[in-house]
Every structure is written in C-alpha cells, then in structure tokens.
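Asks: no sequence on this one, just coordinates:
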C-alpha cells in the first residue's frame with residue numbers, strides 16, 4: 001500500500017521522498033554509485049517488481065537527478 005501511495009508500485013523508480021527527505025544526499029549518491037559499480041542483471045524491488053531488461057541502465061536513469 002505504501003508503494004502505491006508514494007507512486008512507485010510495480011515501477012523501478014525512487015520514492016519522491018528520496019528527493020526531498022534525504023538528509024545526506026552525498027551519502028545517498030555514494031550508495032547508488034556503489035550499487036551501480038556491481039555486476040548485476042536484474043533488480044528485485046521490495047514491492048515485488050523484478051526488472052530483468054537493462055536493469056543497471058534503468059536504475060541509473062531513475063537516479064539521474066542525484067548522480068548528475
């Protein structure tokens with residue numbers, strides 16, 4: 001239910017709260033950078049969505065607002 005309210009149900013995208021509520025955006029950026037250096041082919045979201053097509057590229061694109 002929370003994922004639906006926050007607009008990320010069944011989609012690979014960060015909660016809008018990430019943009020406004022992250023106290024330390026530098027730490028968040030470092031965490032996302034670290035994840036993106038890994039070798040992975042899929043992303044399994046906590047709410048059940050499994051992304052198997054271009055997962056790393058999709059994850060990077062969703063956090064572009066933070067990584068640029």
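Replies: Here it is on my side, so go on. Being a predicted model, the structure only gives us computed values, none of them experimental.

Asks: longest helix of the chain?
Replies: helix 25-36 (DSSP state H).

Asks: pLDDT of it, averaged?
Replies: Here helix 25-36 scores 92 as its mean pLDDT.

Asks: go on, stretch 56-66?
Replies: Stretch 56-66 comes out at a mean pLDDT of 90.

Asks: any chance you could map the helices in this protein?
Replies: So, for the chain - with DSSP H - the helices run 2-6, 16-21, 25-36, 55-62, 64-67.

Asks: Stretch 35-47: which residues count as buried?
Replies: residue 43 (16 or more other Cβ atoms under 10 Å). Using the backbone N, CA and C atoms, a C-beta is placed for each residue, glycine as well.

Asks: okay, how far is it across that stretch, tip to tip?
Replies: With Cα to Cα, to the nearest Å as the measure, stretch 35-47 spans 19 Å from end to end.

Asks: try stretch 45-61
Replies: Stretch 45-61: ends 16 Å apart by Cα to Cα.
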